[in-house]
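>>> When you get a sec, could you give me coordinates for this:
(one chain, ligands or ions: 1)
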Amino acid sequence: MSKMWSGRFKKGAAGLLDRFNASLPFDKELYLEDIEGSKAHAKMLAATGILNRDESEKIIEGLESIKEEIEKGIFVFDIADEDIHMAIEKRLTEKIGDIGKKLHTARSRNDQVALDFRLYVLDKNRKIAALLTKLIKTLVNIAKEHKSTVMPGMTHLQHAQPISFAYHMLAYASMFKRDVERFESSYERNNLSPLGCAALAGTPHPIDREMVASELGFKGITLNCLDTVSDRDFALEILFNISVMMMHISRLSEELIIWSSYEFGFVTISDEYATGSSIMPQKKNPDVPELLRGKTGRVYGNLIALLTVMKGLPLAYNKDMQEDKEGVFDSVETALISLEILIELLKSMKINVEKMQEAVRVGHLTATDLADYLVNKGVPFREAHFITGKAVAMAESKNKDVSELSYEELKEIDSRIEKDVTRYLNLENSMNSRNSAGATSETRVEEQIGYFEKWLGEKES
Ligand code: ARG
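Residues are numbered from 1 along each chain as shown. Alright, predicted model coming up:
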């Protein structure tokens with residue numbers, strides 16, 4: 001079978017070359033974008049008089065029926081066609097004859113692939129952002145139930161200060177909201193049509209790029225054709241944005257793994273999203289968060305791979321760029337399924353408030369409160385810090401938590417300590433005393449929940 005570009009070649013390409021050169025096995029994922037792009041192109045060719053109406057209509061009908069063939073699974077993908085663009089065009093010519101050969105007027109595969117891939121990425125930006133929004137809603141719903149659930153806030157994975165479980169969930173909601181914004185801003189920046197840039201320099205035909213752009217729902221057209229056919233920033237952006245999002249998911253997963261351990265027991269992952277061990281009957285493993293954490297690695301890999309592919313390329317198109325797609329497909333698929341399962345995992349997860357209550361009673365979470373109490377009594381902070389250290393040592397010698405020391409015991413350490421101290425050492429009071437903007441007190445957490453609910457409401461409307 002002779003190739004579409006075979007005019008200047010003496011011999012047909014060999015099987016080995018086909019296997020090495022072809023992108024069809026993976027770029028068939030772009031069939032819909034390719035067909036929609038070609039339909040818009042054909043319409044424009046008729047509107048500008050480059051083709052006549054009849055030719056354009058035949059091309060569009062032909063493309064529609066190819067779409068049906070692909071969707072019914074009866075389209076024959078032949079690796080000798082090299083890529084989805086040529087596979088569809090060849091089939092079009094088989095179906096409607098020589099008119100099909102006119103479709104590629106004023107177009108090159110370079111702007112065609114730039115268009116198809118961009119349409120794919122734009123669509124996925126939206127889908128990922130929508131799922132992220134659902135994830136945020138799930139976290140906010142959990143937060144609403146746990147405004148007064150006290151847990152140990154940590155630094156260095158050591159008990160630091162009491163915080164609410166709601167506050168912890170809202171920290172993740174904040175991360176995921178930034179992720180949504182990143183996908184949205186990438187969408188906005190890249191929402192420009194590349195079609196009509198042709199091979200690299202534009203075309204002498206009197207095309208109307210704006211018309212194609214609005215036909216396909218773009219907000220405008222790209223500025224410089226040489227850049228446009230060389231540009232894969234939109235793909236790098238989605239890879240980066242997915243990487244950051246997966247890093248956030250991975251951190252949450254890590255916490256879920258720790259929290260579901262016997263030692264912590266803060267949460268119980270539902271049986272649906274955990275698995276057993278083949279040898280140890282008692283085990284229930286947190287496979288889902290572990291896989292979410294693990295999959296972060298491949299997503300980073302895809303980003304670094306494409307950055308590396310692009311770094312040395314002279315303008316404009318180079319075949320190296322065919323390596324742009326598989327990593328993006330893989331990262332997108334990973335992102336979508338990861339979000340879906342994480343949402344279900346969180347919705348079905350049991351939160352063990354009593355376990356958190358036990359945990360806050362160890363580790364002297366209110367030590368800073370004692371120091372702050374002394375500062376309020378006029379003791380310089382450094383001295384207050386030292387006195388509190390003595391209180392911690394006393395508590396440890398008595399096998400107690402600082403919050404469990406009585407007023408009489410504390411008074412022995414420093415005479416400036418008065419009866420009201422116990423109020424300050426109470427865990428709930430300690431949490432609620434942190435009432436500065438963005439802090440963990442119930443009032444501030446309510447404020448944050450309100451903020452997210454307003455944001456979610458605007459997203460939904
Ligand atoms: N299959 C190619 C790709 O994915 C399409 C563009 C080919 N262009 C070319 N001049 N060979 O990048």
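
>>> where does residue 161 land in three-state SS?
Three-state assignment for residue 161 (DSSP: H, G, I helix; E, B strand; the rest coil): strand.

>>> Let's see the pLDDT reported for it.
Looking at residue 161, its pLDDT is 93.

>>> what's the answer for residue 10, then?
pLDDT, residue 10: 63.

>>> Next: the one 10 residues further on.
Note on residue 20: pLDDT of 95.

>>> Then the one 4 residues further on?
As predicted, residue 24 sits at a pLDDT of 97.

>>> For the helix or strand hosting residue 451, list every residue counted as buried.
In this assignment (DSSP states H and E), residue 451 forms part of helix 442-460. Within helix 442-460, the residues that qualify as buried by neighbour count (16 or more other C-beta atoms under 10 Å) are 442, 444, 445, 448, 449, 452, 455, 456. C-betas here are computed from N, CA, C, even on glycine.

>>> Which one of those is nearest to residue 384?
residue 444 (24.6 Å; C-beta to C-beta).

>>> Helix, strand, or coil at the nearest residue to that closest one once chain neighbours are set aside?
With C-beta to C-beta, 6 or more residues apart in numbering as the criterion, residue 444 has its nearest non-adjacent residue at 6.0 Å, and that residue is residue 435. Put simply, residue 435 is coil when judged by three-state DSSP.

>>> do the same with residue 328
Following three-state DSSP, the label given to residue 328 is helix.

>>> Could you do the one 10 residues further on as well?
Under the three-state scheme (three-state DSSP), the conformation of residue 338 reads as helix.

>>> since we're on the closest residue to the ligand within the stretch 151-300 of the chain, how many residues are nearby?
Residue nearest to the ligand within the stretch 151-300 of the chain: residue 199 (7.2 Å; C-beta to the nearest ligand atom). Residue 199 is flanked by 15 other residues according to other C-beta atoms under 10 Å.

>>> what's the closest non-adjacent residue to it?
Nearest residue to residue 199, sequence neighbours excluded (C-beta to C-beta, 6+ apart): residue 108, at 4.0 Å.

>>> shouldn't residue 195 be in contact with residue 112?
Yes. Judged on C-beta atoms under 8 Å, residue 195 makes contact with residue 112 at a distance of 7.4 Å.

>>> what's the overlap in contacts for those two?
Common contact partners of residue 195 and residue 112 (C-beta atoms under 8 Å, 6 or more residues apart in numbering): residue 37.

>>> Identify the residues contacting the closest residue to the ligand within the stretch 251-400 of the chain.
Using C-beta to the nearest ligand atom, the single residue of the stretch 251-400 of the chain nearest to the ligand is residue 322, 3.6 Å away. Residues counted as contacts of residue 322 (C-beta under 8 Å, 6+ apart) are 23, 83.

>>> Check which helices and strands the helix holding residue 451 sits against.
Other elements packing on helix 442-460 under the criterion 3 or more C-beta pairs under 8 Å, 6 or more residues apart in numbering; DSSP states H and E are helix 109-145, helix 165-190, helix 427-433.

>>> Next, work out how far apart residue 129 and the ligand are.
Distance of residue 129 to the ligand, given as C-beta to the nearest ligand atom, to the nearest Å: 26 Å.

>>> so what's that residue up against?
Applying C-beta under 8 Å, 6+ apart to residue 129 gives the contacts 180, 183, 184, 187.

>>> Which residue is the nearest non-sequential neighbour of the third one?
Counting by C-beta to C-beta, 6+ apart, residue 129 is the residue found nearest to residue 184 once chain neighbours are left out, at 5.8 Å.

>>> next one: the last one
If the residues on either side of it in the chain are set aside, residue 187 comes closest to residue 125, at 4.3 Å by C-beta to C-beta, 6+ apart.

>>> Residue 183 is in contact with that neighbour, correct?
Yes. Residue 125 is within contact range of residue 183, at 4.6 Å (criterion: C-beta under 8 Å).

>>> Return the residues of the stretch 351-461 of the chain in contact with the ligand.
Proximity of the stretch 351-461 of the chain to the ligand (C-beta under 6 Å from any ligand atom) involves no residue at all.

>>> And the residue of the stretch 351-461 of the chain closest to the ligand?
Here the stretch 351-461 of the chain gets closest to the ligand at one residue, residue 459, 34.3 Å apart by C-beta to the nearest ligand atom.

>>> tell me how far stretch 49-68 is from the chain's mean position?
38 Å (C-alpha atoms, centre = their mean, to the nearest Å).

>>> Show the average pLDDT along that stretch.
Confidence for stretch 49-68, expressed as mean pLDDT, is 98.

>>> So which elements touch the host helix or strand of residue 85?
Per DSSP H and E: residue 85 is located in helix 84-96. Where contact means 3+ C-beta pairs under 8 Å, 6+ apart, helix 84-96 is packed against helix 24-27, helix 31-47, helix 53-72, helix 109-145.

>>> please redo it, this time with the cut-off set to 6 Å
Under the contact definition 3 or more C-beta pairs under 6 Å, 6 or more residues apart in numbering; DSSP states H and E, helix 84-96 sits against helix 31-47, helix 53-72.

>>> dump the residue contacts of the spatially closest residue to residue 34 that is not a sequence neighbour.
Nearest non-adjacent residue to residue 34, counting by C-beta to C-beta, 6+ apart: residue 116, 5.0 Å away. Residues in contact with residue 116 (C-beta atoms under 6 Å, 6 or more residues apart in numbering) are 30, 33, 34, 37.

>>> Look up the pLDDT of the first one for me, please.
As predicted, residue 30 sits at a pLDDT of 98.

>>> May I see the buried residues of the one helix or strand residue 302 maps to?
If you go by DSSP H and E, residue 302 is part of helix 287-310. Neighbour counts over helix 287-310 (16+ other C-beta under 10 Å) mark 288-289, 292-293, 295-296, 299-300, 302-303, 305-306, 309-310 as buried.

>>> from the residues you listed, which is closest to residue 342?
Out of the buried residues of helix 287-310, the member with the shortest distance to residue 342 (by C-beta to C-beta) is residue 292, at 6.3 Å.

>>> which residue packs closest to the closest one, ignoring adjacent ones?
Of all residues not flanking residue 292 in the chain, residue 253 sits nearest, at 4.3 Å (C-beta to C-beta, 6+ apart).

>>> Would you mind listing what in this protein touches the ligand?
Selection of the chain residues close to the ligand by C-beta under 6 Å from any ligand atom yields 23, 27, 83, 109, 110, 113, 317, 319, 321, 322.

>>> Check the residues you listed and tell me the two furthest apart.
For the residues of the chain next to the ligand, the maximum inter-member distance is 14.7 Å, found between 27 and 317 (C-beta to C-beta).

>>> Going by how many neighbours each has, rank these two and give me the top one.
residue 27 (24 against 19).
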